[in-house]
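Peer 1: Structure for this input, please:
(chains A, B, C and D)
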Number of protein chains: 2
Amino acid sequence: MTAGDEGVGVETCQNPDHEAARDLIHSATAADALVTIVGRCTVDYAGRAASTLGPGERLVVLKPDGTALVHTDEGYQPVSWHSPGGTHDADVIDDRLRVESHRESAGERLLVEFETLLDVSAYGLTDDRNPSVDGTEADLRDRVLNDPESIESGFTPLATERQTPAGAVDIFGEDAVGRAVVVELKRRRAGPEAVGQLGRYVEATRRDLHANRTVRGILVAPSVTDRARRLLAERGLEFVALTPVGTESG
Amino acid sequence: MTAGDEGVGVETCQNPDHEAARDLIHSATAADALVTIVGRCTVDYAGRAASTLGPGERLVVLKPDGTALVHTDEGYQPVSWHSPGGTHDADVIDDRLRVESHRESAGERLLVEFETLLDVSAYGLTDDRNPSVDGTEADLRDRVLNDPESIESGFTPLATERQTPAGAVDIFGEDAVGRAVVVELKRRRAGPEAVGQLGRYVEATRRDLHANRTVRGILVAPSVTDRARRLLAERGLEFVALTPVGTESG
DNA sequence: TTGTGGATGTCGCCG
DNA sequence: CGGCGACGTCCACAA
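Peer 2: Sure, this is the predicted structure:
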């Protein structure tokens, strides 16, 4: 595999010796390939925090963009990792493969040291990256904009992402009587932070507008927790139940 | 590899035909092994939302706990996934491997359909899961408890995780003059939500205590954003700069 | 099961 | 580059 070759390529080594693994990682990294390493290893991370992992068998993924992931046989989350943007390196010290990812700008470093190697593989992957997702907050926003009556009769959206000193209001509009309305959207059941957000935006909007202008705040979400409902009541805010299109039952 | 065998085991197939891949996935899943599949595939997810991915070359990881991860050659995040708790299945339809993860209780389903297979491997992994992390919010809390003067002279912690109707207060205590103090901790630079949280806890604590008791609110974090600082001032709350032990420079 | 908030969150957008 | 909030967030812990 030559550098710049983005086509399909695979190189696999089972139970490789550590120097063969190092060489494979070197050439794969140079060719912008994705590398997987399976073996017994220890892990050390230092950066935004510090973490260590004792010996265990794990799957390590090195991506050409600098991402490093250390996965065990459980969980969605990697047990340790390095974010994109850094560089990978591999060497052998005391007959042991050491894989290191670092990003100087963030002062981060991830070190994986292998006792045992079960498998090392390199893959040249290409992906068009054309994801599509439905049921997001943007879908909920579009639903409200396409049918403002779903909020309440006479509601008129005037702006989305309206800037205030406290942040951007999801939907800003007017009710049937001409009062200002601040709408905060949540794609799923809303908790206390959502109320906090809405409250901040309402306060900021009151300051922005004429002092005597009424500003209503409406939280729009599929549902709210009890605590959130209480907080809404305390602050004179309102709630409208609405789900993003496509997530509703039926 | 027999069911219940948790020891080290590896089975690898390069450029397998789709039925061989299916068989390997079946036996690996039955043996609680971790499976990696590399190939060109499409992905469909339906559950909390809905997402689709067009054809692309990706790394798919199936874990024995029901986790499924679809990784491209970029990014920390899987481009699609299935959370732990479900089950994996594999079959061949129209000469194409289809891998499906589903969790009925959550109404979630992830379907990966392969056009091309570069590699299928299974690994029996064992991990002690003895992670250690430093520099967390818990470390910041311990730092304050071990040296209350780091907040201010005369500060006395009385409780951690003190319950209020608005949630749990990180540290509750008294200042040198006997006023109640509510402390909210953040391990990194704090933004508006942190102020909102602190404000809620202070309000709830004021209601809990005698009406005439003064309650101070202190945000403890390495730093705050401008907006957060303004919000603190508006609500009469305070800020003390402090980092979790071990993250500080020097 | 649900609620709540932390996380080495990551990621995208916008100033 | 930093601030800010969404995310199919995940996750641990408590009620």
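
Peer 1: Contact distance from DNA strand C - what residues of chain A qualify?
Peer 2: Contact residues, chain A versus DNA strand C (Cβ under 7 Å from any atom of the strand): A:45, A:47-49, A:51, A:67, A:80-84, A:108, A:110, A:161, A:163, A:189, A:191-193, A:225-228. (Each C-beta comes from the backbone N, C-alpha and C, glycine too.)

Peer 1: Give me the distance from stretch A:65-73 to the chain's centre.
Peer 2: 15 Å (Cα atoms, centre = their mean, to the nearest Å).

Peer 1: So is it next to chain B?
Peer 2: Yes - looking at stretch A:65-73 against chain B by Cβ under 8 Å from any Cβ of the partner chain, the contacts come from A:D65, A:T67, A:L69, A:H71, A:T72, A:D73.

Peer 1: quick one on the thing from earlier: inside helices: which ones of the residues of chain A next to DNA strand C?
Peer 2: Of these, the ones assigned to helices by DSSP state H are A:P192, A:E193, A:D226, A:R227, A:A228.

Peer 1: Kindly tell me how buried the second one is, as a neighbour count.
Peer 2: Okay, so that is A:E193. Neighbour count for A:E193, taken as other Cβ atoms under 10 Å in any protein chain shown: 15.

Peer 1: What's the separation between it and B:G191?
Peer 2: Distance from A:E193 to B:G191, counting by Cβ to Cβ, to the nearest Å: 11 Å.

Peer 1: do the last one as well
Peer 2: Applying Cβ to Cβ, the value for A:A228 to B:G191 is 20 Å.

Peer 1: more neighbours, these two?
Peer 2: Neighbour count, other Cβ under 10 Å: between A:A228 and B:G191, A:A228 has more, with 24 against 17.

Peer 1: which residues touch that one?
Peer 2: With contact taken as Cβ atoms under 8 Å, 6 or more residues apart in numbering or on different chains, A:A228 is in contact with A:A190, A:G191, A:P192, A:A194, A:V195, A:L219.

Peer 1: And stretch A:35-45, how far out from the chain middle?
Peer 2: Centroid separation for stretch A:35-45 versus its chain: 23 Å, with Cα atoms, centre = their mean.

Peer 1: How about it, which residues are buried there?
Peer 2: A:V35, A:T36, A:I37, A:V38, A:G39, A:R40, A:C41, A:T42, A:V43, A:Y45 (16 or more other Cβ atoms under 10 Å in any protein chain shown).

Peer 1: could you say which helix or strand contains A:L59?
Peer 2: strand A:50-62 (DSSP states H and E).

Peer 1: any bit of the next helix or strand after that strand sitting next to DNA strand D?
Peer 2: Following strand A:50-62 in sequence order, the next helix or strand is strand A:68-71 (DSSP H and E). No - taking Cβ under 7 Å from any atom of the strand as the criterion, strand A:68-71 and DNA strand D are apart, separated by no less than 10.0 Å.

Peer 1: Partner strands of strand A:68-71 and their direction?
Peer 2: strand A:50-62 (antiparallel), strand A:80-82 (antiparallel) (DSSP bridges).

Peer 1: quick one: A:L242 and A:V224 touch, right?
Peer 2: No - the pair formed by A:L242 and A:V224 falls short of the contact definition of Cβ atoms under 8 Å, at 11.7 Å.

Peer 1: Give the helix, strand or coil label for the residue lying farthest from the centre of chain A.
Peer 2: Residue farthest from the centre of chain A, counting by Cα atoms, centre = their mean, is A:N212 at 40.8 Å. Going by DSSP: H, G, I helix; E, B strand; the rest coil, the secondary structure assigned to A:N212 is coil.

Peer 1: Kindly state the pLDDT recorded for it?
Peer 2: On the pLDDT scale, A:N212 is placed at 82.

Peer 1: same deal with the one 3 residues further on?
Peer 2: According to the model's per-residue confidence, A:V215 sits at a pLDDT of 97.

Peer 1: go on, the one 4 residues further on?
Peer 2: Reading off the confidence values, A:L219 has pLDDT 98.

Peer 1: Verify the stated contact: it with A:V195.
Peer 2: Yes - at 6.6 Å, A:L219 and A:V195 qualify as touching, with contact defined as Cβ under 8 Å.

Peer 1: which residues do the two both contact?
Peer 2: The contact lists of A:L219 and A:V195 share A:A228, A:L232, A:L237, where a contact means Cβ under 8 Å, 6+ apart.

Peer 1: I'd assumed A:L219 was in contact with the last one.
Peer 2: Yes - A:L237 lies in contact with A:L219 (Cβ under 8 Å); the separation is 6.4 Å.

Peer 1: secondary structure class for A:I25?
Peer 2: Put simply, A:I25 is helix when judged by three-state DSSP.

Peer 1: meant to ask about A:L140
Peer 2: Following three-state DSSP, the label given to A:L140 is helix.

Peer 1: Check the one 4 residues further on too.
Peer 2: Secondary structure for A:V144, judged by three-state DSSP, is helix.

Peer 1: so who does it touch?
Peer 2: By Cβ under 8 Å, 6+ apart, A:V144 lies in contact with A:S150, A:I151, A:P157, A:I171, A:V183, A:L185, A:V220, A:L242.

Peer 1: if I look at it, how far off is A:H210?
Peer 2: From A:V144 to A:H210 the distance is 26 Å (Cβ to Cβ).

Peer 1: ok, now A:L59?
Peer 2: A:L59 is 60 Å from A:H210, by Cβ to Cβ.

Peer 1: which one of those two has more residues nearby?
Peer 2: A:L59 (24 against 7).

Peer 1: Report the beta-bridge partners for the more buried one.
Peer 2: When bridges are called by DSSP bridges, A:L59 pairs up with A:V38, A:H71.

Peer 1: what's it in contact with, if anything?
Peer 2: Neighbour list for A:L59: A:T36, A:I37, A:V38, A:V70, A:H71, A:T72, B:L34, B:T36, B:V61, B:Y123, B:L125 [criterion: Cβ under 8 Å, 6+ apart].

Peer 1: List just the nearest of those to A:R22.
Peer 2: Set against A:R22, the nearest of these by Cβ to Cβ is A:I37 (10.6 Å).

Peer 1: need the contact list for that closest one.
Peer 2: Contact analysis of A:I37 by Cβ under 8 Å, 6+ apart lists A:21, A:25, A:59-60, A:62, A:97, A:99, A:112, A:114, A:117, A:119-121.

Peer 1: Any of those buried? List them.
Peer 2: Buried by 16+ other Cβ under 10 Å: A:21, A:25, A:59-60, A:62, A:97, A:99, A:112, A:114, A:117, A:119-121, out of the contacts of A:I37.

Peer 1: which pair in those spans the largest distance?
Peer 2: Maximum distance among the buried ones among the contacts of A:I37 (Cβ to Cβ): 15.7 Å, for A:V112 and A:S121.

Peer 1: What is the burial count for the nearest residue to A:V70 once chain neighbours are set aside?
Peer 2: Closest residue in space to A:V70, ignoring its immediate chain neighbours: A:S80 at 4.3 Å, by Cβ to Cβ, 6 or more residues apart in numbering or on different chains. Here the count is done by other Cβ under 10 Å, and A:S80 has 23 residues near it.
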